[in-house]
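Q: Model the structure of this input:
(one chain, ligands or ions: 1)
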Amino acid sequence: MGSSVFVPPPVTRFAPSPTGYLHLGHVVNAIYVWGLAHARGGRVILRIEDHDRLRCHERYERALLEDLDWLGFVPDEGRHPPARQSDRLSDFAAALDTLDRQGLVYACDCSRKRVGGRPYDGCCRGRGLAREPGRGLRVRLDGEPSGDLLLRDRDGHWTYQFAVTVDDTRQNVSLVIRGLDLADSTGRQVALARLLGRQEPPDFVHHPLILDSTGRKLSKSAHDTGIRQLRASGLAPETVVGLAAAAVGLIDNPAPLRAPSVPNLFLAGGPPTQNTPPKAR
Ligand SMILES: [Zn+2]
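A: Here you go, the predicted model:
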């Protein structure tokens, strides 16, 4: 953009969880991920986000890989064989060690109900609770308005926020592309990435979401927009990609759009990327 500074091509990721079937909302994310990365000469890593062993199922993983292939979104890395978060569970313990060595981790026995939807108030910071089953672990994030991040919940599961930040750090993901519903967690993820030793945290792009008729984000139970259902109804992949692009205003009308062509949407003259917050502290 007129700057003489060399900007390396981005490394980004498409990271679905095998806890359900892909729907049009995932296709929107894929359009932004492949489109932005390849328009800038970058790479897309596929990562199966299956650290939550209770909710993930192999049949969903098989289905999402098959649907992704059918749609035509080909990852540059992580497809053959599929790269799974569960293959690297020891990374989370190692990252916890890194935070522990800085004296930043403490046990917390607050229930989700007590914390509610509010920022965590740090009430367990000074309590010196022992780490034992039934207690979660948090990291001190001073000055972070949304409070100390939960790393591991009371059931002993790594949290999404922690796992995704560890993986993005390990894989040197330089551009995180995700829905606007996750924009609020950007500051905490950047702060955590720094504590994990990342000099230069990733850039974040937040894209619009497809909302259902009640104005909420599409959920996995959104049968009418499931890729399986759309396939079964006889639609072609380019029709489905076009539907997703039109649903968030990337194109005016739902014309067929082939997956390898989505970078064209983001080249000069294409739509701007939306709501990119400034790189947080
Ligand atoms: Zn607590």
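Q: and the stretch 51-200 of the chain, which residues reach the ion?
A: 108, 110, 124 (Cβ under 5 Å from the ion). Placement of C-beta: from N, CA and C, glycine included.
Q: who wins for most neighbours among those residues?
A: residue 108 (24 neighbours; other Cβ atoms under 10 Å).
Q: OK, contacts around that residue?
A: 120, 124, 129, 135-138, 148, 150 (Cβ atoms under 8 Å, 6 or more residues apart in numbering).
Q: out of these, which are inside strands?
A: Members of the contacts of residue 108 lying in strands (criterion: DSSP state E): 136-138, 150.
Q: hey, where'd the strands end up in the stretch 101-250 of the chain?
A: Secondary structure of the stretch 101-250 of the chain by DSSP state E, counting those that start in this stretch: the strands cover 105-108, 136-139, 149-152, 175-179, 203-207.
Q: And residue 11, how far from the ion?
A: Separation of residue 11 from the ion (Cβ to the ion, to the nearest Å) stands at 35 Å.
Q: Quick one: neighbours of that residue, just the number.
A: For residue 11, using other Cβ under 10 Å, the count is 19.
Q: cool, the one 5 residues further on as well?
A: Residues contacting residue 16 under the criterion other Cβ under 10 Å number 22.
Q: just residue 80 next, same as before
A: Neighbours of residue 80 (other Cβ under 10 Å): 9.
Q: which SSE is it in?
A: Here residue 80 is covered by no helix or strand, with elements defined by DSSP states H and E.
Q: confidence score at the closest residue to residue 43 other than its chain neighbours?
A: Closest residue to residue 43 apart from its sequence neighbours, by Cβ to Cβ, 6 or more residues apart in numbering: residue 76 at 4.2 Å. pLDDT, residue 76: 98.
Q: now do residue 89
A: Note on residue 89: pLDDT of 89.
Q: Tell me how many other residues surround it.
A: There are 13 residues near residue 89, going by other Cβ under 10 Å.
Q: do the same with residue 57
A: Neighbour tally, residue 57, other Cβ under 10 Å: 14.
Q: which stretches of the stretch 151-281 of the chain form helices?
A: 160-170, 186-195, 227-232, 237-247 (DSSP state H, counting those that start in this stretch).
Q: so where's the protein shaky on pLDDT?
A: For the chain, the stretches flagged by pLDDT under 70 are 1-4, 218-224, 269-281.
Q: Can you check which helix is longest in it?
A: The residue-count maximum for a helix in the chain (DSSP state H) belongs to helix 24-39.
Q: I'd like the next helix or strand past that one.
A: strand 43-46.
Q: pretty sure residue 78 is touching residue 46, no?
A: Yes. Between residue 78 and residue 46 a contact is recorded at 3.7 Å, counting by Cβ atoms under 8 Å.
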